[in-house]
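**Q** Sequence and predicted structure, then a few things I'm wondering about:
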Amino acid sequence: MEKRAILAAVLMAGVLMLYQALFLSSPEQPPPPAKTEDAAPTAPTGSTPPGLAPAAPIVAPPLPAGPLPAVPERTAEIETPLYRARVSSAGGALQQWELDYRGLKPMVVPGVLGPLGLMVERPGAGRRVLGFEVSPGALKLAEGQSPAELRLAGEDGFGLRVTQILRFRADSYAVERVILVENRHSMPQSADILLLWTAPITWPADQAERFQGQHSTRVVARANGAIRREELSSVGTRPQVGEGRWIGIESEWYLAAFVPQSPGFRVTEARLSADRAPEGAASDAKPANGKPGETVEVGLRATLPILGPGKSWEGRVLIYVGPKEYDRLKSFGVELEKSIHFGGFPMPQAYGGLPMEWVAVPVLWLMHRIYALTGNYGIAIILLTIITKVLFFPLTLKSMRSMKAMQAIQPQVNALRAKYKNDPQRVQREMMEIYRQHKVNPLGGCLPMVVQIPIFYALYVALSVTVEIQNAPFICFGRIFGVELWICDLAAQDPTYVLPILMGVSMFIQQKMTPVMGDPRQAKIMLMMPVVFTFMFLSLPSGLVLYWTLSNVLQIAQQYYMNRGAKKAERVPARAPKKA
């Protein structure tokens, strides 16, 4: 009995082993794509900017890592009427992007500021900057010439064949980038495609800023129906991704932005140490000074669908690197012009804020039309200031008359205050009676000016943000001993300080001519304002100082006209009895 039990157990074990050998042992098969897609990754928690979320790891079948194909580093030179560029075979990154915009302005500083090129990211394998074969070696576009293309092709070491087509235009600062990914492996796979732009939070001390606005200071994005701005120092250390219409990195006058033109792309941002360099990056991918420091990277991330053997994926991206010209940015049709920060006019909280864009954009439009006729932005600022003063002259005149009337009854008001200084309510009643008798509105001098303030503030804002006045001369005699004479750049301060001093003098004269409505001691304090403003305006752009100075001069002329009319009116009644 025991022998039969042992024999039965041996036979059962043999049958089980034979069954496993014949039916269960087969070549290793990859898991079905459907099951892989059903597994939803869990996003890490944490506070994130609006519209962004922590990056979730991609889920793809594990593949054996292969070496990154070695491709000799080459560059392709591109020259257009608007810029000069150099594209590297390492990721197709821009090693040079020099704007020919009112002088040569390098938007890319290798190792400090610029793009990293196309990268492929996988869990456990990190990021890889692909090496590409580039053709042709150079492109030169003349004005009016049709777009030209640069083609790059490379492998990622996992069986993905990546092809990039960069399309350049002679009349645009934007580059169209078409990305084609093909799976040449025998197994299905996925990965993340990244296009990033990096900028230092603090500009390196040993790297001089070549022009105003070269150092990007903010991240700007169009997400969830609104514009989001964030200082570089406020960007989180954990990579954040989310849906967005575009994302960029900006200074006050220049922008580098990524605009997805096909589904699948998400905007991303992160802060990281500059000593982190992805595999395959060019030798200049670290800071020029060799010191680790914090940088911010912004751009686009696309998670590829599970690509079966021989399957492919295509994505399209528009990359803009250039000045923040309102009309040019608006022509893209994705609200890229919202990157220009006009701000808002402060108002009581109950009424909200007045968006300066509503007023500043028409002001900019008019200034550009005047410039098209005159060819000088200094003259355009002068004519624009004159036009606004003429349009509001009736309101200004009404305000001056009211202030003059208030000045005439000021001795009576001061006498009331001295007589009833211990009875403020009595003072108020008596003052209102005087106003009624003389038909004077105490708010008449303020209300007409309140209407004008947003307009003049909008003009101030428009001149502050417009990039067109950079390197634009007004009256320039050249250089003497390295000093520009006189105003050779409306976006820079007056090196001779002549214009700020003239502004202070004009403001002092205006203060002296303005009727005094309040306490004379307050008027003496107000005379100190020209001194304060003069010191404030010493470092402001010449275009703004020119606008403010001319506005003061026109205000003086209006006040003189008003005072002259008042003197004539006073002399007429004096002659009337003699004639009678």
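**A** Looks like it came in fine.

**Q** Please enumerate the helices of this structure.
**A** Taking DSSP state H as the criterion, the chain carries its helices at 2-19, 33-38, 326-330, 357-374, 377-391, 393-408, 410-419, 424-437, 447-465, 498-513, 520-526, 529-537, 542-579.

**Q** Any idea which of these gets closest to residue 311?
**A** Nearest to residue 311 among the helices of the chain is helix 33-38 (10.2 Å), distances taken as C-beta to C-beta. Backbone N, C-alpha and C define where each C-beta goes, glycine included.

**Q** tell me the mean pLDDT over the closest one?
**A** Averaged across helix 33-38, the pLDDT comes to 37.

**Q** Check stretch 465-472 too.
**A** On average, the pLDDT along stretch 465-472 is 86.

**Q** Need the CA coordinates for that stretch. PDB is fine.
**A** Taking C-alpha atoms only, stretch 465-472 is exported to PDB below (Å, rounded to 0.1, in the frame of the first residue of the first chain):
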ATOM      1  CA  VAL A 465       7.000  97.900 -21.800                       C
ATOM      2  CA  THR A 466       7.500  98.700 -25.400                       C
ATOM      3  CA  VAL A 467      10.600  97.000 -26.800                       C
ATOM      4  CA  GLU A 468      10.600  99.100 -30.000                       C
ATOM      5  CA  ILE A 469      12.300 102.100 -28.300                       C
ATOM      6  CA  GLN A 470      15.400 100.000 -27.400                       C
ATOM      7  CA  ASN A 471      18.500 101.500 -29.100                       C
ATOM      8  CA  ALA A 472      16.100 104.000 -30.800                       C
END
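
**Q** which stretches of this protein have low pLDDT?
**A** 1-70, 274-293, 345-354, 441-452, 481-483, 515-524, 565-580 (pLDDT under 70).

**Q** What strands line up against the top strand by length along it, and which way round?
**A** Of all the segments of type strand in the chain, defined by DSSP state E, the longest one is strand 312-323. Take DSSP bridges as the rule and strand 312-323 pairs in its sheet with strand 174-183 (antiparallel), strand 254-260 (antiparallel).

**Q** in it, what counts as buried?
**A** Residues of strand 312-323 classed as buried by neighbour count (16 or more other C-beta atoms under 10 Å): 313, 315-323.

**Q** thinking again about what came up before, export the strands paired with strand 312-323 as JSON lines, with columns for distance to residue 458 and mean neighbour count.
**A** As requested, the strands paired with strand 312-323 are exported to JSON lines (distance: least, C-beta to C-beta, whole Å; neighbours: other C-beta atoms under 10 Å):
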{"stretch": "strand 174-183", "distance to residue 458": "29", "mean neighbour count": "20"}
{"stretch": "strand 254-260", "distance to residue 458": "22", "mean neighbour count": "25"}
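
**Q** okay if I get these as TSV plus distance to residue 509?
**A** Shown next, in TSV, are those (distance: least, C-beta to C-beta, whole Å):
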stretch	distance to residue 509
strand 174-183	49
strand 254-260	39
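
**Q** mind checking how far the longest strand of the chain is from the chain centre?
**A** The chain centroid and the centroid of strand 312-323 are separated by 18 Å, computed with C-alpha atoms, centre = their mean, to the nearest Å.

**Q** can you check stretch 414-425 too?
**A** How far stretch 414-425 lies from its chain's middle: 55 Å, per C-alpha atoms, centre = their mean.

**Q** First-to-last residue distance for it?
**A** Terminal residues of stretch 414-425 are spaced 15 Å apart (C-alpha to C-alpha, to the nearest Å).

**Q** Run through the bridge partners of residue 167.
**A** residue 149, residue 176.

**Q** Burial check on it, number of neighbours?
**A** 16 (other C-beta atoms under 10 Å).

**Q** I'd assumed residue 147 was in contact with it.
**A** Yes: assessed by C-beta atoms under 8 Å, residue 167 is found in contact with residue 147 at 5.2 Å.

**Q** Around residue 371, how many other residues sit close by?
**A** With neighbours defined by other C-beta under 10 Å, the count for residue 371 comes to 20.

**Q** quick one: contacts for the closest residue in space to it that isn't next to it in sequence?
**A** Once flanking residues are discounted, residue 371 sits nearest to residue 380: 4.3 Å by C-beta to C-beta, 6 or more residues apart in numbering. By C-beta atoms under 8 Å, 6 or more residues apart in numbering, the contact list for residue 380 reads 367-368, 370-371, 374.

**Q** No further queries at this time; thank you.
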